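> mind looking at a prediction? Sequence and model below.
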Amino acid sequence: MEEWISERVRRLPASGIRRFFDLLSSMEGVISLGVGEPDFATPWHVAEAGIFGIEQGYTTYTSNYGLPELRAELARYLRERYGLEYDPATELLITVGVSEALDLALRAVVNPGEEVILPDPSFVSYIPCIILAGGHPVPVPTVVEEEFKLRASEVERRLTEHTKAILLSYPNNPTGAVMGRSDLLEIAELARRRNLLVISDEIYSRLVYGVEHTCFASLPGMKERTILLGGFSKTYAMTGWRVGFAAGPAELIEAMTRVHQYAIMCAPSISQLAALEALRNGEEAVRQMVQEYDRRRRIIVKGLNEIGLPCFEPKGAFYAFPSVRSTGLSSEEFAERLLLEEKVAVVPGATFGECGEGYIRCCYAVSIAEIEEALERMRRFVERTG
């Protein structure tokens with residue numbers, strides 16, 4: 001059978017997250033800090049828009065690009081929030097979550113053997129998607145001493161004649177790192193000088209704490225060389241609705257749509273109706289969720305530091321990324337033993353790249369009571385391991 005499987009698929013590593021959740025599914029009483037998903041329900045008025053769509057029979061295909069009303073509202077949103085002007089007819093594409101948008105962007109622009117720069121650690125699907133597109137991933141180390149920010153100087157050291165694009169992911173999963181405007185301007189200048197495309201995954205753009213998010217495409221001269229990826233899953237607690245978007249130059253969006261139309265056709269129509277309502281009337285729900293995430297963030301970071309797992313302060317997303325090096329365990333050993341001995345699920349940092357070794361990812365999109373109980377169990381575990 002193996003000879004029938006493509007070489008690219010054979011090169012893909014098995015998901016490091018999946019193994020832990022296979023273990024978790026067979027256990028009772030587990031507190032999961034592993035799943036990167038809001039614990040809030042989709043705001044009712046947003047869900048009701050989808051239900052109304054079903055009741056009214058809006059269950060057919062939409063344009064490959066997505067509902068015109070949703071694209072028009074998205075154009076307004078990006079203009080008012082970031083000062084970006086996108087033509088809703090040609091420069092915006094509605095996708096099945098930001099995951100599809102990433103896959104489309106890479107498949108539309110990467111030729112076999114071309115290189116894509118990305119931060120290490122970063123989201124688990126980035127390297128596999130680059131490989132599936134025929135490209136070669138080039139991870140760039142980031143370190144806690146610099147708050148896991150991607151440095152232009154480190155990127156430049158790894159550029160070759162084969163480099164095609166830089167894949168950014170800030171606010172970052174798994175570290176919670178945020179890059180400020182001055183940091184991003186250095187990346188932008190490098191992209192301009194070396195004529196590189198930038199793919200900027202900003203799915204966590206609204207989940208920032210005490211800082212302002214800088215949209216990469218809004219930087220001078222970057223709209224013309226950036227594919228901006230975003231979505232509704234994290235901001236509006238709509239993970240299961242599977243609706244995201246890509247924004248960029250018309251030629252690049254059209255190329256992505258060529259792949260999209262054959263692979264997917266369109267994002268679900270009822271999900272698009274719900275996303276439209278979220279953009280129009282979802283701001284109060286976003287504000288409340290961000291406020292609550294911030295409370296949880298401060299509790300878990302303080303608690304991790306107090307039990308002897310040093311954790312820098314994450315300024316975005318909903319992840320803490322503490323070091324477990326003091327225990328003498330690898331990130332995988334720590335996560336597996338913590339799950340089996342104390343029934344707390346976290347994700348090994350090594351799952352997200354070589355620079356994640358020695359860390360674990362803890363998602364704080366759970367209740368404060370669960371966070372506090374998880375911290376107590378982790379304290380016992382750390383004391384035992386010494």
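Perfect, thanks for sending it. Numbers count the residues shown, from 1 in each chain.

> and the pLDDT at the closest residue to Pro249 other than its chain neighbours?
Closest residue to Pro249 apart from its sequence neighbours, by CB to CB, 6 or more residues apart in numbering: Glu224 at 6.0 Å. Yep, even glycine has a C-beta here, placed from its N, CA and C like the rest. pLDDT, Glu224: 97.

> again, but for Tyr77
Reported pLDDT for Tyr77: 98.

> what do you get for Ile264?
Reported pLDDT for Ile264: 93.

> repeat that for Gly34.
Taking Gly34 on its own, its pLDDT is 86.

> go on, the one 5 residues further on?
Reading off the confidence values, Asp39 has pLDDT 91.

> that's a strand at it, yeah?
No: Asp39: not assigned to a strand; according to DSSP: H, G, I helix; E, B strand; the rest coil it is coil.

> just the element for the nearest residue to Glu2 once chain neighbours are set aside, please.
Leaving aside its sequence neighbours, Glu2 sits nearest to Arg10 (CB to CB, 6+ apart; 7.4 Å). Assigned by DSSP states H and E, Arg10 belongs to helix 7-11.

> and that helix, what does it pack against?
helix 126-132 (3 or more CB pairs under 8 Å, 6 or more residues apart in numbering; DSSP states H and E).

> could you check how far the helix it packs on is from the centre of its chain?
In terms of CA atoms, centre = their mean, to the nearest Å, the centre of helix 126-132 is set 14 Å apart from its chain centre.

> wait, His162 sits on Gly113?
Yes: between His162 and Gly113 there is a contact at 6.3 Å, judged by CB atoms under 8 Å.

> for the two, list the residues in contact with both.
His136 (CB atoms under 8 Å, 6 or more residues apart in numbering).

> the more surrounded of the two?
His162 (13 against 10; other CB atoms under 10 Å).

> next SSE downstream of the lowest-mean-pLDDT helix or strand in the chain?
Of all helical and strand segments in the chain, the minimum by mean pLDDT, DSSP states H and E falls on helix 16-24, at a mean of 67. Proceeding N to C from helix 16-24, the next assigned helix or strand is strand 31-32, under DSSP H and E.

> that next one pairs with which strands?
Here strand 31-32 is paired, per DSSP bridges, with strand 344-345 (parallel).

> just checking: what are the partner strands of the helix or strand that the strand it pairs with is followed by?
Using DSSP H and E, the helix or strand that follows strand 344-345 towards the C-terminus is strand 347-348. When pairing is defined by DSSP bridges, strand 347-348 lines up against strand 360-363 (antiparallel).

> can you tell me the SS state at Ser233?
Using three-state DSSP, the structure places Ser233 in coil.

> next, count neighbours for it.
For Ser233, using other CB under 10 Å, the count is 23.

> cool, Gly386 as well?
8.

> same question, Asp183
Asp183: 18 neighbours (other CB under 10 Å).

> all helices of the stretch 101-250 of the chain, in order?
With DSSP state H, counting those that start in this stretch as the criterion, the stretch 101-250 of the chain has helices at 126-132, 152-157, 181-193, 250-263.

> now do the contacts for the residue nearest to Ile127 when sequence neighbours are not counted.
Closest residue in space to Ile127, ignoring its immediate chain neighbours: Pro137 at 4.5 Å, by CB to CB, 6+ apart. By CB under 8 Å, 6+ apart, the contact list for Pro137 reads Glu115, Val116, Leu118, Tyr126, Ile127, Ile130, Ile131.

> check Pro137 and give its pLDDT.
On pLDDT, Pro137 comes in at 97.

> what residues are bridge-paired with it?
Beta bridges link Pro137 to Val116 when assigned by DSSP bridges.

> any low-confidence regions in the stretch 201-350 of the chain?
Residues of the stretch 201-350 of the chain meeting the criterion pLDDT under 70: none.

> residue boundaries of the strands in it?
226-231, 244-247, 319-320, 344-345, 347-348 (DSSP state E, counting those that start in this stretch).
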